[in-house]
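**Q** here's a sequence, model it:
(4 chains)
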2 protein chains.
Amino acid sequence: MLKTLDRGLHALRTIGQHVDGLLTAELAKELDVDRAIAYRIVSTLEQHRMVVRQPDGRLVLGSAALDLGNRFLPQFRRLAAPVLERLTALTDAAAFISIAEGRFCTAILVSEPHKALFTVSYRVGSSHPIDQGAAGIAILAGRPATDDDAPEVREARTKGYALTTGALQKGAIGVASPILPVRRTGAGLEACVGVVAMEDLDTERAIREVTAAAIEIARLVST
Amino acid sequence: MLKTLDRGLHALRTIGQHVDGLLTAELAKELDVDRAIAYRIVSTLEQHRMVVRQPDGRLVLGSAALDLGNRFLPQFRRLAAPVLERLTALTDAAAFISIAEGRFCTAILVSEPHKALFTVSYRVGSSHPIDQGAAGIAILAGRPATDDDAPEVREARTKGYALTTGALQKGAIGVASPILPVRRTGAGLEACVGVVAMEDLDTERAIREVTAAAIEIARLVST
DNA sequence: ACTAGGTGTGCGATAAAAGGAAAAGAGAAA
DNA sequence: TTTCTCTTTTCCTTTTATCGCACACCTAGT
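**A** Numbering: from 1, shown residues only, chains lettered A, B, ... in the order given. Below you'll find the predicted structure:
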């Protein structure tokens, strides 16, 4: 374990947690290191554009942080694609992975069954309000509980999956399960995996496979 | 400058650049360090979930990378908000900042003029195809030139701004300018700043102020 | 069996970072 | 103005974390 790198990454996380930014001296306190050390860490992070100093001296994340996040998604797709294909094969339904984007929920990866004559079309990039549909509810269920969670979100949280019928499209059945960090640390990945089909869905089996897939994917990204 | 942290950040970037992931030994070559060093760097990054080892040993970015990217946006909004407000005041038009999201272009921050009786509504979160509208064209113009750039993108790239009339809404005039990294390194932030108004826009002035704002915001995030 | 390429670990030498202290700068209050 | 306070930066000595070679293991291909 490289101590200097470790501290730098802690610094990054800490800076990310403060929406209003923080002063280098404050960062030093949070990291419990000498101020001189904090300044050295910050200057290194600055060189990589991971953090930026505002005119008033407060530190916030820099554009390289966004870049890194954007580069995560393509890799994640490749990583999760095999799992999703297997889920499709096992359930004979269209499988998807969706992530939260503000108040919406967007499909970032879809796998459709080969044999089916016609499938429920769920395109990559398509999004819907996060409080509707199995996917959105599953993502909300993956977040820490709050007082104003909808009943279906609470239910999904205890059961570990969300099931909706006709929520987004008439006659469509959706099952989705949140992809939770293996060790619950921070918000991290707000995503879910699920399947959607027209009525002809073996619900029992879909629930079993979807939840299994969620666990498997979670392990893939956070082992 | 902390050497260990510097190497770690280089490693992160390198891993992010390889969509298919790379082996630790390959990473060592790219960083031009001893393999032992690469292993130690990787193990530290792994502990922070910044990278994950696939079953086959290849390294890809982990969920913490996405988390970091998500935390950038709120901070960026705060950072850019004052500039945007000033832009609104100077041009008497609705000002916005948009970023690329795949094939779409999404507004992440909007500032509307106070005095105006009614304004062009450009809501935060609203998105449109990236090849339409001043915002999308400006973002495309901020990318490196390619052979299949549309003429209006080429024009925007040389001029430094995009101007469209009625592209997204009848009667609306839009001016937007890409927010370019101060030192052109990598893709980074694919964003633009602009204003939109109904016909009554002092175009000359808008162009001047919008390009100035783009430069100022670029400095804010990458100084 | 042997090679080649990837992986993982131990250890002494030394380059690199820690950390105290103090100077330099920037504001705010007196 | 002067005098605070707080942040930022530089300097320098000590300490230790890191380097980089080494060795051992594993797997697949010849």
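**Q** run through chain A and note the low-pLDDT ranges.
**A** For chain A, the stretches with pLDDT under 70 are A:116-121, A:182-188, A:223.
**Q** which residues of chain A lie near DNA strand C?
**A** Residues of chain A lying near DNA strand C by C-beta under 7 Å from any atom of the strand: A:Lys3, A:Thr4, A:Arg7, A:Val33, A:Asp34, A:Ala36, A:Ile37, A:Arg40. Backbone N, C-alpha and C define where each C-beta goes, glycine included.
**Q** could you say which helix or strand holds whatever residue of chain A ends up closest to chain B?
**A** Nearest to chain B in chain A, going by C-beta to the nearest C-beta, is A:Gly69, at a distance of 1.5 Å. If you go by DSSP states H and E, A:Gly69 is part of helix A:63-91.
**Q** what of A:His114?
**A** Going by DSSP H and E, A:His114 is not in any helix or strand.
**Q** any idea how far it is from DNA strand D?
**A** Distance of A:His114 to DNA strand D, computed by C-beta to the nearest atom of the strand, to the nearest Å: 29 Å.
**Q** returning to what we had before: which elements pack onto the helix holding A:Gly69?
**A** strand A:94-101, strand A:104-111, strand A:191-198, helix A:203-222, helix B:3-17, strand B:59-61, helix B:63-91 (3 or more C-beta pairs under 8 Å, 6 or more residues apart in numbering or on different chains; DSSP states H and E).
**Q** tell me the buried residues in it?
**A** For helix A:63-91, the neighbour count (16 or more other C-beta atoms under 10 Å in any protein chain shown) marks A:63-73, A:75-76, A:78-80, A:83-84, A:86-88, A:90-91 as buried.
**Q** can you check stretch A:20-31 too?
**A** In stretch A:20-31, counting by 16+ other C-beta under 10 Å, buried: A:Gly21, A:Leu22, A:Thr24, A:Glu26, A:Leu27, A:Ala28, A:Glu30, A:Leu31.
**Q** what's the helix or strand for the residue of chain A most remote from its centre?
**A** For chain A, the largest distance from the centre (C-alpha atoms, centre = their mean) belongs to A:Ala36, which lies 35.8 Å off. Per DSSP H and E, A:Ala36 falls inside helix A:35-47.
**Q** follow-up on the earlier one: which among the residues of chain A next to DNA strand C end up buried?
**A** Using 16+ other C-beta under 10 Å, the buried ones in these are A:Thr4, A:Arg7, A:Val33, A:Ile37, A:Arg40.
**Q** please parse chain A into its domains.
**A** Annotated domains of chain A cover A:3-61, A:70-222 [automatic domain parsing].
**Q** and the residue of chain A found nearest DNA strand D, how many neighbours?
**A** Distances between chain A and DNA strand D by C-beta to the nearest atom of the strand are smallest at A:Gly57, namely 3.1 Å. Other residues near A:Gly57 number 11, with proximity taken as other C-beta atoms under 10 Å in any protein chain shown.
**Q** ditto for the one 3 residues further on
**A** Residue neighbour count, defined by other C-beta under 10 Å, stands at 25 for A:Val60.
**Q** my guess is it contacts B:Leu79. True?
**A** Yes: between A:Val60 and B:Leu79 there is a contact under C-beta atoms under 8 Å: 6.2 Å.
**Q** residues shared between the contacts of these two?
**A** A:Val52, A:Gln54 (C-beta atoms under 8 Å, 6 or more residues apart in numbering or on different chains).
**Q** sorry, back to before: as TSV, the helices and strands packed on helix A:63-91 with distance to DNA strand D would be great.
**A** Shown next, in TSV, are the helices and strands packed on helix A:63-91 (distance: least, C-beta to the nearest atom of the strand, whole Å):
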stretch	distance to DNA strand D
strand A:94-101	30
strand A:104-111	28
strand A:191-198	30
helix A:203-222	21
helix B:3-17	5
strand B:59-61	17
helix B:63-91	16
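**Q** adding distance to A:Ser126, write those out as JSON lines.
**A** Shown next, in JSON lines, are the helices and strands packed on helix A:63-91 (distance: least, C-beta to C-beta, whole Å):
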{"stretch": "strand A:94-101", "distance to A:Ser126": "9"}
{"stretch": "strand A:104-111", "distance to A:Ser126": "5"}
{"stretch": "strand A:191-198", "distance to A:Ser126": "11"}
{"stretch": "helix A:203-222", "distance to A:Ser126": "19"}
{"stretch": "helix B:3-17", "distance to A:Ser126": "26"}
{"stretch": "strand B:59-61", "distance to A:Ser126": "24"}
{"stretch": "helix B:63-91", "distance to A:Ser126": "20"}
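**Q** can you tell which of the ones you listed is closest to A:Glu155?
**A** The closest of these to A:Glu155 is helix A:203-222. By C-beta to C-beta, the value is 13.0 Å.
**Q** helices or strands up against the closest one?
**A** Short answer (3+ C-beta pairs under 8 Å, 6+ apart): helix A:203-222 packs on helix A:63-91, strand A:172-179, strand A:191-198, strand B:51-53.
**Q** 6 Å instead, please
**A** For helix A:203-222, the elements it packs on are helix A:63-91, strand A:172-179, strand A:191-198, judged by 3 or more C-beta pairs under 6 Å, 6 or more residues apart in numbering or on different chains; DSSP states H and E.
**Q** got a markdown table for these, with distance to A:Pro129 too?
**A** Below are those laid out as a markdown table (distance: least, C-beta to C-beta, whole Å):
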| stretch | distance to A:Pro129 |
| --- | --- |
| helix A:63-91 | 21 |
| strand A:172-179 | 14 |
| strand A:191-198 | 15 |
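**Q** so for A:Leu12, which of the ones you listed sits nearest?
**A** Comparing the helices and strands packed on helix A:203-222 by C-beta to C-beta, helix A:63-91 comes nearest, at 7.6 Å.
**Q** now the angle from the helix holding A:Ala36 to helix B:3-17?
**A** For helix A:35-47 against helix B:3-17, the angle by axes from the mean of the first three to the mean of the last three C-alpha atoms, to 10 degrees is 30 degrees.
**Q** in helix A:35-47, what counts as buried?
**A** Within helix A:35-47, the residues scored as buried using 16+ other C-beta under 10 Å are A:Ile37, A:Ala38, A:Arg40, A:Ile41, A:Val42, A:Thr44, A:Leu45, A:Glu46.
**Q** with stretch A:7-19 instead?
**A** The neighbour-count check on stretch A:7-19 (16+ other C-beta under 10 Å) flags A:Arg7, A:Gly8, A:Leu9, A:His10, A:Ala11, A:Leu12, A:Arg13, A:Ile15, A:Gly16, A:His18 as buried.
**Q** from B:Ser63, how far off is the fourth one?
**A** Yep, that's A:His10 we're talking about. Distance, A:His10 to B:Ser63, using C-beta to C-beta, to the nearest Å: 17 Å.
**Q** kindly report the same for A:Met50.
**A** From A:Met50 to B:Ser63 the distance is 17 Å (C-beta to C-beta).
**Q** same question for A:Val60.
**A** Taking C-beta to C-beta, one finds A:Val60 at 21 Å from B:Ser63.
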